[in-house]
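Chemist: Let me see the structure of the following:
(2 chains)
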Amino acid sequence: MKKRGLILLVVPFLAIAFFVAPAHAVDSIVIGHPAALSGSYAKAGEQAVGGVQAAVDWVNSVYGGVNVGGKKVPLVYKYYDCESKKESVTSLLERLITTDKVTVTFAPYSSGLTLAGAPVAEKYGIVYMDHGGASDKIFTQGFEYVVQTIGPGSSYHVGTLEMVKKIAPDVKRVALAYEDSEFARSVMDGAEAKARELGFEVVFKRTYPMKVEDLTPLLSDLKASDPEIVIGGGHFQDGQLFNKQMADLDINVKLLSLIAAATLPAFGEALGDLAEGVMGPSHWEYGVTFSEEGAKAAGMTWIGPSQDEYVALFKKAVGKDMLPDYHAAEASAQVLALVLAVEKSDSVDSDVLRKTLGDLTFMSFYGGWDIDDTGKQIGHSMVNVQWQKGERKIIWPEDAQTAKPVFPKPDFE
Amino acid sequence: MIFEQLSGNLLQGLVLGSVYGMATMGLSLIFGVLQVVNVGHGAFIMVGAFTSLMMFQAAGVPPVLAIPVAFAIGMALGMLFYFGALKPLVSPSGSGIKSLDMRAVGMGAGILVALLVVMRFLSAAFKLHFAITLFVAIIFLYGFLLYIYGGRRQDKAPELATLLVTFSIGVILEESVKQLFTSEARGFNWAIGKLDLGVTVLPYTKLIASFGSLTIAVLLYLWFRKTRAGMAMRSVVEDDVGARVCGVNVDWQYALSFSLGIGLTVTSGVLLTMFIPVGINPYMGGPYTLKSFVIAVLGGLASPYGAFFGGLVFGLVENGSYTLFAQFQGLEPFAMTRFFSFVMLLVILLLRPTGLLKVK
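Modeler: Coordinates of the predicted model:
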C-alpha cells in the first residue's frame, strides 16, 4: 500500500519533469566548483576562486553574457569549500550536480583531489574541467568528461630543453634529479623522453625521497657525471636545498632548472645571490605578453581581457591588493574555454559540450588552449622564469619574453 | 673513482653526523632523567633555526653568535613548559588543578576574555603580534588557575599523558611560529668560503657547525662526569628514590634537565642552519624528530653523549651506503640507504639491546 502510494506520488512529477525539461530554455550557465578554500591547498584555492570570479565578471559585464539559444545569458558561479579533503570533494560534487543542477563542474586544486572527484562527474556524465591537477595519471584512467587547462606534468621541462636546443645546440649532457612523488616523477619521465627526442644525452637520472634533509651524496654523484644541464626538483623546501647544496659542492653548470620552488618569490629571498641564473617552469606569470595582436598573427581565436584588465578584475574579485598567480590564471582560462564551447555548439548538453571542447583551440592572456582525445592539455606551453639580479624574468618562450635568457648560468660565487 | 666518491661522501657523512648527534643529545637527556619521550622535539629544533634566521636577517649576526641566545631561549622555554605543563605529570610532588568545578571554569573564561581585551590594546600599542599576546594571556591564566585551585596530588599520570603533553607543546610552538612568520620556506646566505679537499668540497660553515657540535658534546660530558651538579643529575638517572634519600632535590633536577635538554635542542637548530640555511619553516622539525629517535636508540636511549656517537655512526652509514648502492645499476640508492639504516638499527639492537654505549 505504502509503496504504491509512493509510486503514485512520484509518477506525475517524473512526467512533468520529462515534458518540461526539454522545453525549458537556458536562462543561465552555472559553474559548480568544490573549491579548496581551507586546508593544505587554501592558498592555491583562494587564487582559483578569485580567478574564476574575475573571468565570470568579465563575461557578464564586458563580454555581455554567453550567447546561447539566440540570447545572451549570464554565467553563474556556485562554489563550496571542500577543505582540501577528498571526501568533501565527492559529496559536494554530488550536491552541485543533483541539487544545484549546475551546467558544468570545475575540479578542485591538486592532482589528488581532481582524481577523487572525477568518478562522480563520470557517473552523472557531466563535463569536469581540471585547472589544478597536472599529473598525467588523470588521463590514463579512461575518464570521458575530464578536460584539462593546466599543462600536464610531462610537459613541464619541454620548453626548457627546447630553449637549450635552440640557443646552444652543442650542449648535450643532461642530468635529471627529481623528488620521488607522483607529480615530480611524471615531470621527470616527460623530461627524459623529450631530452632523448631532441638528441640530448641523459648522463644521470635519480630520485630523492620526499622530506629529504640532505642531498649531498646524490649531488656528489651528479657532479661526477659531469653534466652541462641539471633539471629536477619537486616542491619548495627541497628545491631550496637542491640549489644551496649545488653551491656548497661547487657544481657549476650551464643551466639549472627546478620545478615549483624556483618560480616563487621566497626562493630568491632565501637564497640571495645563489639563485642568480636559476630557472623554473611556470604555467603563467604576471608579465607574459600574450595579446590579441599576437593571437591574430598566429591565426588563433582570442577571447578574454588583456593582462592588465585581468589583474584589475582579479583584485576586485578577491577584494584585496593581491596579484594573480598561475593558479588564478588557469582557472580563468578554463571559464573562457567553457564560454567559447557553449557559444560554438549553441548547447549546454554535456556530451555536445565535451565534443566541442575537444575541437576547440583559442588564445587568451593565459596563452594557448587545446586538448587531445583524452582531455589532456596540449596547446598551452609553459613559460620559463629565470632569476636575474634578484628579480624573476620571463625568458622563454620568446613571444612571452620580458628578458633575454642568461646562458650559460653564472658560476656560484 | 669509487674510492674518491666514498671518501668524499664519508667525510660529508661525518660532518653531517656530528650535527645529527648534537640534535639528539637533548632528547636523550630528557628521556634519561625524566623518562619522558619528547615527541615535540623537532619543533624546538625549528625554534633554534628561526632564532638563527631572525638574528641574521635583522642584524646580520652570524649564526655562531646566535648559539648563546638560542641556548638561553631554550632554557627559558624548557622551564616554562616544565612548570607550566609537565611538572604536574612527572614530579612525585607535582601539583595540578585538583578539581575543576564550574566556579573555576567560569572564572577562567571571564579572566580569559578580560585578558584578551587588555591584550588586544597592548598588542596594538606595542605593535606586537596578536599570537604572542594570546600566548602570554593563556600562560598567565593557566598559572593563575594553578595558583588558586592547585594542590598536591597523589596519583601519578600515565606515561601516555606525557607523550600527549610534549606532542601538544610541539603543535603549539609550530602553530605560534606559523602565525608569526607564515608557512613560507625561508633561508639566508652566510658565505664565508669553502675548503676544497679534492674528493669533496666543505663550506667553512659546515665545519664550524661540526666543530661546535663536538665542543658542546665534550662540555656536556665533562659537566656530567666532573661536577657535583652533573653527578646529582646522574644520580637521578640511576635511581630517583635513592637520590632523594641522599638529599638530592629531585624536583629541581627534573626541571633543570628538561630545560637543559630543550636548551641543547634549540641550540642544535642554530647549528643546523649553518649546515643547511634554507627551507626554514614552522613544520621543518618533523623529519628530525624521527631521525633523532633512531639515533637516540642507537646511542643508548638515556645517554646524551652516546647519542652524539649514534649521530656520527648514522651519518657515516647513511652517506657511505649511498655510494655503495649507487654502484648497482637500476637501484635508487636513497631508498636503499633508509632500508639499510633501519636494518642496521635492528641488528645493533639485537646484539646490544642498550645501544652502542651502554649506560652503566
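
Chemist: Quick one: check stretch A:240-254 for contact with chain B.
Modeler: Yes - Stretch A:240-254 reaches chain B (CB under 8 Å from any CB of the partner chain) through A:240, A:241, A:243, A:244, A:245, A:248, A:249, A:250. (Glycine included, C-beta is placed from N, CA and C.)

Chemist: List every C-alpha atom in that stretch, with coordinates, as CSV.
Modeler: The C-alpha trace of stretch A:240-254 is given here as CSV (Å, rounded to 0.1, in the frame of the first residue of the first chain):
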residue,chain,number,x,y,z
GLN,A,240,66.0,25.5,-2.0
LEU,A,241,68.1,22.7,-0.5
PHE,A,242,69.0,21.5,-4.0
ASN,A,243,70.2,24.9,-5.1
LYS,A,244,72.1,25.6,-1.8
GLN,A,245,73.9,22.2,-1.8
MET,A,246,74.8,22.5,-5.5
ALA,A,247,76.6,25.8,-4.5
ASP,A,248,78.2,24.1,-1.4
LEU,A,249,79.7,21.4,-3.6
ASP,A,250,80.8,23.9,-6.3
ILE,A,251,78.7,22.2,-9.0
ASN,A,252,78.7,24.7,-11.8
VAL,A,253,76.6,24.0,-14.8
LYS,A,254,75.3,25.9,-17.8
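
Chemist: roughly how far is that stretch from the heart of the chain?
Modeler: 29 Å (CA atoms, centre = their mean, to the nearest Å).

Chemist: Give me the nearest residue to the closest residue to chain B within chain A, chain neighbours excluded.
Modeler: Nearest residue of chain A to chain B (CB to the nearest CB) works out as residue A:270 at 3.1 Å. Nearest in space to residue A:270, with sequence neighbours left out and distances taken as CB to CB, 6 or more residues apart in numbering or on different chains, is residue B:187 at 3.1 Å.

Chemist: can you pull the contacts of the one you found?
Modeler: Neighbour list for residue B:187: A:240, A:244, A:269, A:270, A:271, B:53, B:277, B:278, B:279, B:280 [criterion: CB atoms under 8 Å, 6 or more residues apart in numbering or on different chains].

Chemist: residues near the last one, how many?
Modeler: So the one you mean is residue B:280. Using other CB atoms under 10 Å in any protein chain shown, residue B:280 has 25 other residues around it.

Chemist: repeat for residue B:196
Modeler: Counted by other CB under 10 Å, the residues lying close to residue B:196 total 10.

Chemist: On the pLDDT front, check it for me.
Modeler: pLDDT for residue B:196: 89.

Chemist: sorry, back to before: buried residues in whichever strand or helix holds the residue of chain A closest to chain B?
Modeler: Using DSSP states H and E, residue A:270 sits within helix A:265-271. Across helix A:265-271, burial judged by 16 or more other CB atoms under 10 Å in any protein chain shown covers A:266, A:267, A:268, A:269, A:270, A:271.

Chemist: circling back to that earlier point, surely the residue of chain A closest to chain B touches residue A:240?
Modeler: Yes - counting by CB atoms under 8 Å, residue A:240 is a contact partner of residue A:270 at 5.3 Å.

Chemist: which other residues reach the helix holding residue A:270?
Modeler: A:236, A:239-240, A:243-244, A:261, A:275, A:278, A:280, A:387, A:390-392, B:184-189, B:278-280.

Chemist: Now the helix or strand just after it - C-alpha only, CSV.
Modeler: Next helix or strand after helix A:265-271 toward the C-terminus (DSSP H and E): strand A:279-282. What follows is strand A:279-282, C-alpha atoms only, in CSV (Å, rounded to 0.1, in the frame of the first residue of the first chain):
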residue,chain,number,x,y,z
MET,A,279,65.4,28.8,-13.9
GLY,A,280,62.0,27.2,-13.3
PRO,A,281,59.0,26.4,-15.4
SER,A,282,55.6,28.0,-14.6
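
Chemist: Could I get the CA-only coordinates of the following helix or strand past strand A:279-282 as PDB?
Modeler: Next along the chain after strand A:279-282, taking DSSP H and E as the criterion, comes helix A:292-297. Only the C-alpha atoms of helix A:292-297 are listed here, as PDB (Å, rounded to 0.1, in the frame of the first residue of the first chain):
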ATOM      1  CA  GLU A 292      45.100  39.900 -29.100                       C
ATOM      2  CA  GLU A 293      47.500  41.000 -31.900                       C
ATOM      3  CA  GLY A 294      49.800  38.000 -31.200                       C
ATOM      4  CA  ALA A 295      46.800  35.700 -31.500                       C
ATOM      5  CA  LYS A 296      45.700  37.300 -34.800                       C
ATOM      6  CA  ALA A 297      49.300  36.900 -36.100                       C
END
